[in-house]
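**Student:** The sequence and its predicted three-dimensional model are supplied below.
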Amino acid sequence: MIWILIIVVVAALDYIRAWQYVPDEWSPWAPVALDHRMTPVTRWKLNGLQDNQQQCIDVLATAPDAWLDHLPLEDYTPVESCPLSNVVRVSRTSAELSTTFTATCPLVAAWVMFEQQQLQPLAREHLGSEVVQLDHYGTFACRNIYNREDARRSEHASAAAFDLAGFHLADGRRITVLEDWDNQDEPARRQFLRAVHSAACDYFGTVLGPDYNQPHENHFHLDTSGFGLCR
């Protein structure tokens, strides 16, 4: 029995030592951080922030000033039947905003990671310039999906969705989903938008664009629900 106990202890110690070398973005026990690479484990940990408001606020607080200007908000009900919880007010990311917006903290965390790790690098790669302003259609709308009476509540009803319409670049160009998704005259614009859409699917549970249906012909819908709906 003593030898069996020794073997079990040694095996357990080896197991613990092995986990010490696992990168934080792959470790279920390491707290999520904004500079972690996006992996399935990172996505899982981001989803966990839905039910841990203080942890999510702490994560956003680590963002450099150049990445995010935000204000955590108390839970409130701006419209009857659509209470908001675990939300923050965003005044600026690394880019200016067409308007400020209120969104759930986990959505903002995912966006900051996506913007730094994918959006800005993709803009430099495909367009040779950085994004300096985001054009969007907002986050919060107290409604059902497509405003249908018999449909379930939209993710917008809880400010857990972001509708992204276009980008202003540092060199003065403006790229829009509506005009450039199928732009044959300037393929770099089309390639940039399609690369952004594809990359977003690793960061958000649901990503919808012009190829999904007509209501999304002019924007990308990004939300934190589900796990892998990318159309």
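**Tutor:** Cool, the structure landed. Numbers count the residues shown, from 1 in each chain.
**Student:** can you pull the pLDDT of residue 50?
**Tutor:** On pLDDT, residue 50 comes in at 89.
**Student:** Contacts only, for it.
**Tutor:** 86, 104, 106, 224 (C-beta atoms under 8 Å, 6 or more residues apart in numbering). No exception for glycine: its C-beta is placed from N, CA and C like everyone else's.
**Student:** So which of these sit within helices?
**Tutor:** Of the positions in those, residue 106 sit in helices, assigned by DSSP state H.
**Student:** Just put the contacts of residue 50 in JSON lines and tack on neighbour count, distance to residue 47 and pLDDT.
**Tutor:** Below are the contacts of residue 50 laid out as JSON lines (neighbours: other C-beta atoms under 10 Å; distance: C-beta to C-beta, whole Å; pLDDT from 0 to 100):
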{"residue": "86", "neighbour count": "23", "distance to residue 47": "12", "pLDDT": "96"}
{"residue": "104", "neighbour count": "27", "distance to residue 47": "11", "pLDDT": "97"}
{"residue": "106", "neighbour count": "24", "distance to residue 47": "7", "pLDDT": "96"}
{"residue": "224", "neighbour count": "26", "distance to residue 47": "7", "pLDDT": "90"}
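**Student:** Just to be sure, which of the contacts of residue 50 are found in strands?
**Tutor:** Using DSSP state E, the members of those that fall in strands are residue 104.
**Student:** Pretty sure residue 223 sits against residue 206.
**Tutor:** Yes - proximity of residue 223 to residue 206 meets the contact threshold set by C-beta atoms under 8 Å, at 4.8 Å.
**Student:** Give me the common contacts of those two.
**Tutor:** Counting by C-beta under 8 Å, 6+ apart, the residues touching both residue 223 and residue 206 are 155, 161.
**Student:** where along the chain do the strands fall?
**Tutor:** So, for the chain - with DSSP E - the strands run 69-72, 76-79, 82-84, 87-92, 96-97, 101-104, 131-138, 161-169, 174-176, 206-208, 220-223, 229-230.
**Student:** So for residue 223 and residue 206, which sits in the more crowded spot?
**Tutor:** Shown here are residue 223 and residue 206; by other C-beta atoms under 10 Å, residue 223 has more neighbours (25 against 21).
**Student:** For the more buried one, give the beta-bridge partners.
**Tutor:** Beta-bridge partners for residue 223, by DSSP bridges, are residue 161, residue 206.
**Student:** List the residues that contact it.
**Tutor:** 107, 155, 160, 161, 162, 204, 205, 206.
**Student:** ditto for residue 206
**Tutor:** For residue 206, the contact set (C-beta under 8 Å, 6+ apart) comprises 155, 161, 221, 222, 223, 224, 225, 226, 229, 230.
**Student:** correct me, but the first one touches residue 163?
**Tutor:** No - contact criterion C-beta under 8 Å: residue 155 and residue 163 do not qualify, at 10.4 Å.
**Student:** Look up how far residue 165 lies from the closest residue in space to residue 189 that isn't next to it in sequence.
**Tutor:** Ranked by C-beta to C-beta, 6 or more residues apart in numbering and with sequence neighbours excluded, the top spatial neighbour of residue 189 is residue 180, at 4.0 Å. According to C-beta to C-beta, to the nearest Å, residue 180 stands 11 Å off from residue 165.
**Student:** Equivalent analysis for residue 73, please.
**Tutor:** Going from residue 73 to residue 165 by C-beta to C-beta gives 24 Å.
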